[in-house]
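S.K.: Show me how the following folds:
(2 chains, ligands or ions: 1)
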Protein chains: 2
Amino acid sequence: METKTQRNEQLEKIRELVKDIRIAMMTTIDDQGNLVSRPMATMQMDENGTFWFFTKKSAPKVDQIDKHEHRVNLAFAHPDEASYVSVSGSADEVYDRAKIDELWSPAAKPWFPDGKDDPELTLLKVHTELAEYWDSTSSRMVRFLEM
Amino acid sequence: METKTQRNEQLEKIRELVKDIRIAMMTTIDDQGNLVSRPMATMQMDENGTFWFFTKKSAPKVDQIDKHEHRVNLAFAHPDEASYVSVSGSADEVYDRAKIDELWSPAAKPWFPDGKDDPELTLLKVHTELAEYWDSTSSRMVRFLEM
Ligand SMILES: Cc1cc2nc3c(=O)[nH]c(=O)nc-3n(C[C@H](O)[C@H](O)[C@H](O)COP(=O)(O)O)c2cc1C
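M.R.: Residues are numbered from 1 along each chain as shown, chains lettered A, B, ... in the order given. As a prediction, this is how the structure comes out:
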């Protein structure tokens, strides 16, 4: 995925680990209280440590996010490199045409065959509030908080 | 991971997809309501569609599970094969010496250097309540409920 230079060392560490992991598993809470996850193509980690995705306006996950304090988890895993990152974030659906133009790529076509003008197309941004990554040296998850 | 023959076609499908994915990202809810995930080595999918893991008795996740109706998500991803599975389950810590003996393998050594007799060693079993998998043919997550 595309990643930008981060404003602190901890987010830089996360960037380093996730930059080669395009697909995140995004977990939300459904109406019955189940924790459910699905694969999502990460389009960008911007300069504020925020992750950007394309979604459909009517997707169940957008509704689930609204009903559960906007909480999501993004799990990035790359077993061959022993890279494992957990991002606990606050998710918001935003329709921003300029940002859609910036992020649009043919890689998004499978989900949006009608392209950038699909009326269902919108953005989901996940603001990083807490991140943890697997540190192979100490064999533990290293945690840090982000505001 | 080790997998057993399942009692219905839907669990067989899940077995087929996860059998080559040893590491699951397990998501729980922490004290602040954050959704947090960490990599876990899956030791077995038993004949009831239950997933077995080793854990430490004092691990924060054990506490988080107790406090949040035992809800967890297991995300299994194998991008090269386009295999993505979400298991919404109910997790329980159980100390069962015979099961520990059955599941123990040198692969667990990095987390439990003292071996099977580590007083902190215990089991976490996740009963599958709801599962979803990516179906490439229909390009959507296929969902099924399990009791
Ligand atoms: C590799 C892969 C990448 C995906 N990327 C996206 C994506 O970027 N945006 C999206 O809305 N759905 C994506 N999907 C589909 C989602 O996994 C999911 O089926 C869809 O978003 C509906 O989710 P929901 O019903 O939980 O809201 C992707 C699926 C796969 C297999």
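S.K.: and chain A, which residues reach the ligand?
M.R.: Of all the residues in chain A, those in contact range of the ligand (C-beta under 6 Å from any ligand atom) are A:23, A:38-41, A:53-56, A:59-61, A:111. Every residue, glycine included, has its C-beta placed from N, CA and C.
S.K.: Let's see that with 5 Å instead.
M.R.: A:23, A:38, A:39, A:40, A:41, A:54, A:55, A:59, A:60, A:61, A:111 (C-beta under 5 Å from any ligand atom).
S.K.: can you give me the helices for chain A?
M.R.: A:9-18, A:60-67, A:97-103 (DSSP state H).
S.K.: quick one: which of these is nearest residue B:101?
M.R.: helix A:9-18 (36.0 Å; C-beta to C-beta).
S.K.: Give me the below-cutoff pLDDT ranges for chain A.
M.R.: A:147 (pLDDT under 70).
S.K.: Contact residues of it facing chain B?
M.R.: Neighbours of chain B within chain A, by C-beta under 8 Å from any C-beta of the partner chain: A:22-23, A:25, A:27-30, A:33-39, A:69, A:71-73, A:75, A:77, A:79, A:84, A:86, A:88, A:110, A:129-130, A:132, A:134, A:139, A:141.
S.K.: Mind naming the longest strand for chain A?
M.R.: What stands out as the longest strand in chain A, according to DSSP state E, is strand A:121-135.
S.K.: Buried ones in it, by neighbour count?
M.R.: A:121-134 (16 or more other C-beta atoms under 10 Å in any protein chain shown).
S.K.: Check stretch A:88-106 too.
M.R.: A:88, A:89, A:90, A:91, A:93, A:99, A:100, A:103, A:104.
S.K.: follow-up on the earlier one: can you give the strand pairings for the longest strand of chain A, parallel or anti for each?
M.R.: strand A:50-56 (antiparallel), strand A:83-94 (antiparallel), strand A:140-145 (antiparallel) (DSSP bridges).
S.K.: Save the ones you listed as CSV, and put in distance to residue B:5 too.
M.R.: Formatted as CSV, these follow (distance: least, C-beta to C-beta, whole Å):
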stretch, distance to residue B:5
strand A:50-56, 37
strand A:83-94, 30
strand A:140-145, 34
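S.K.: So in terms of bridging, what pairs with residue A:23?
M.R.: Beta-bridge partners, per DSSP bridges, of residue A:23: residue A:41.
S.K.: Pull out the buried residues from the residues of chain A next to the ligand.
M.R.: For the residues of chain A next to the ligand, buried by 16+ other C-beta under 10 Å: A:23, A:38, A:39, A:40, A:54, A:55, A:59, A:61, A:111.
S.K.: Pick the one among the residues you listed closest to chain B.
M.R.: If you rank these by distance to chain B using C-beta to the nearest C-beta, residue A:39 comes first, at 4.4 Å.
S.K.: for the closest one, what are its contacts?
M.R.: With contact set as C-beta atoms under 8 Å, 6 or more residues apart in numbering or on different chains, residue A:39 has these partners: A:23, A:24, A:25, A:26, B:77, B:84, B:134.
S.K.: Skip the chain neighbours and tell me the closest residue to the second one.
M.R.: By the measure of C-beta to C-beta, 6 or more residues apart in numbering or on different chains, the closest residue to residue A:24 outside its immediate chain neighbours is residue A:74, 4.4 Å from it.
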